[in-house]
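Asker: Turn this into a model:
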Amino acid sequence: MRDPWNAFMPYPDADVGHAAIGPLSGLRLAVKDLFDVTGYPTAAGNAAVLAASGIKPATAPLVQTLLDAGACFVGKTNTDELAYSLIGGNIHFGMPINPRDPDLIPGGSSSGSAVAVAAGLADIGLGTDTSGSIRLPAAVNGLVGWRPTQGSLDNRALRPLAPSFDVPGFMTRSLEPMASVMSAVGLPAANEYPASILVAEDIFETIDDLVADQMIASLRSAAIPIRRIKAIASCSRADLALAFTTILQREAWESNKTLFERSPGAIAPDIAARLLSGSRLNNEEVREARGIVKLFSGEIDRLLCENVVVALPTLPISPPTRDALPESFAAFRSACIKLLCLSGLSGCPQLAFPIANCAGSVSLSLLGARGADRMLVNVAGRQKRTGVASIRVR
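Answerer: Below you'll find the predicted structure:
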């Protein structure tokens, strides 16, 4: 398959069978190179991991579920190294090209899966989302991105980064195949809608006024009552992001300690620096962070038990160009985590989707109670202004 976008890993093709008939028949599946697939290695975006991998004898259960539902495997996709970034770059295998705007980053770490879907090389992009690695590349590439309820999908034979937050997730070009994926992985169909949509003023006031107005107009088109609240939590987003990052860094170090100690030079300097930061955290810092998580999770549970969903901008600022300075990437990542961490901290599902006829990466998100994944699709489907613009592959 021709891949001018550098979406796929350059592996020799292996025969990966799929069911002839099923709910995903006719849909092509791209799989992030963190999941094992029979006949392929698993590199996790790192050359040393690739060298030690060997050919996998079995396919990850979640991938097999999709194949058994009729999805056709078309390849393993690029990922940020060790899935530890939100930008899309990789010093070993290169940065995929954003088909929507080649000057912009593709977003990470599920960048290859996002680009494959956005470029029309696949219909379903399977990735992972720890700190936003489904939702951010979905937003940047104009896709629908689903971070499921924490623990709801099988994560065996998936290389971990931070198990407290790691979730397999999906990207599609529209809502219809996403609904089919949800059915295929075992989520029952549901016709329920929330009693209201909550808009947190402290979040929306931080984004561009025109973009905020477009998002509110899209929400109103769903004909579901909108209720404004001052904030969704008592903790500041800065404190929540710090707690999230503290746990993420500690667990990322634990997941990659052996690799770092054996082959420190085989890891990109920026990734290695983050791993080292995790190694230096003391237990008290981590305990305090987990205490904040417990507090926030309880507050979100009480808020969402009222049969509501929370509307959020997926990204707080526009993505940088692919040739931006490292300082710009770091500032973008830091700003995004303050929004993207909310789903990871709470374990709640989040659905990101583009607003049609809006310039740039205007992506709206819905956050729901644990187990309310299908409700989010229902709400998104009622909004008349949602959609994905067609992409002209050049």
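
Asker: all helices for this protein, in order.
Answerer: 47-53, 61-68, 111-118, 135-140, 175-184, 201-204, 209-220, 237-262, 269-279, 283-304, 326-346, 373-381 (DSSP state H).

Asker: Give me the distance from the fifth one to the chain's centre.
Answerer: Distance of helix 175-184 from its chain centroid, counting by C-alpha atoms, centre = their mean, to the nearest Å, is 16 Å.

Asker: what sits up against it?
Answerer: Helix 175-184 has contacts (C-beta atoms under 8 Å, 6 or more residues apart in numbering) with 22-24, 27, 65-66, 69, 71, 123-124, 144, 146, 170, 172, 189, 351, 353, 373-374, 377, 380-381, 386. C-betas here are computed from N, CA, C, even on glycine.

Asker: Write the PyMOL selection for whichever of those residues are buried.
Answerer: Those of those that count as buried under 16 or more other C-beta atoms under 10 Å are selected in PyMOL with:
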select buried, resi 22+23+24+27+65+66+69+71+123+124+144+146+170+172+351+353+373+374+377+380+386
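
Asker: Grab the nearest non-local neighbour of residue 84.
Answerer: Nearest residue to residue 84, sequence neighbours excluded (C-beta to C-beta, 6 or more residues apart in numbering): residue 271, at 5.3 Å.

Asker: if we can go back for a sec, want to throw the helices of the chain into TSV with distance to residue 366 and mean pLDDT?
Answerer: Below are the helices of the chain laid out as TSV (distance: least, C-beta to C-beta, whole Å; pLDDT from 0 to 100):
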stretch	distance to residue 366	mean pLDDT
helix 47-53	35	97
helix 61-68	23	98
helix 111-118	19	98
helix 135-140	11	98
helix 175-184	12	98
helix 201-204	13	95
helix 209-220	9	93
helix 237-262	18	97
helix 269-279	30	97
helix 283-304	11	97
helix 326-346	10	97
helix 373-381	5	96
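
Asker: Return the most buried member of the ones you listed.
Answerer: Compared across the helices of the chain, helix 111-118 shows the largest average neighbour count, a mean of 35 (mean count of other C-beta atoms under 10 Å).

Asker: Against which helices or strands is that helix packed?
Answerer: Packed against helix 111-118 by the contact rule (3 or more C-beta pairs under 8 Å, 6 or more residues apart in numbering; DSSP states H and E) you find strand 28-32, strand 72-77, strand 124-129, helix 135-140, strand 167-172.

Asker: what do you get if the cut-off is 10 Å, keeping everything else the same?
Answerer: strand 28-32, strand 72-77, strand 124-129, helix 135-140, strand 144-147, strand 167-172 (3 or more C-beta pairs under 10 Å, 6 or more residues apart in numbering; DSSP states H and E).

Asker: With distance to residue 239 added, can I get the ones you listed in TSV?
Answerer: Formatted as TSV, the helices and strands packed on helix 111-118 follow (distance: least, C-beta to C-beta, whole Å):
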stretch	distance to residue 239
strand 28-32	31
strand 72-77	34
strand 124-129	22
helix 135-140	21
strand 144-147	22
strand 167-172	23
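
Asker: quick one: which of those is nearest residue 334?
Answerer: Of all those, helix 135-140 sits nearest to residue 334, with 12.8 Å by C-beta to C-beta.

Asker: what's the distance between that closest one and the middle of its chain?
Answerer: With C-alpha atoms, centre = their mean as the basis, helix 135-140 stands 7 Å off its chain's centre.

Asker: Report the contact partners of the residue nearest to residue 84.
Answerer: Contact partners of residue 271, counting by C-beta atoms under 10 Å, 6 or more residues apart in numbering, are 45-46, 80-85, 90-91, 252, 256, 260.

Asker: now do residue 64
Answerer: Residue 64 sits in contact with 16, 18, 36-38, 58, 154, 157, where contact means C-beta under 10 Å, 6+ apart.

Asker: And residue 342, by the same measure?
Answerer: With contact taken as C-beta under 10 Å, 6+ apart, residue 342 is in contact with 200, 203, 232-233, 237, 240-241, 244, 296, 300, 310, 312, 348, 350, 365, 367.
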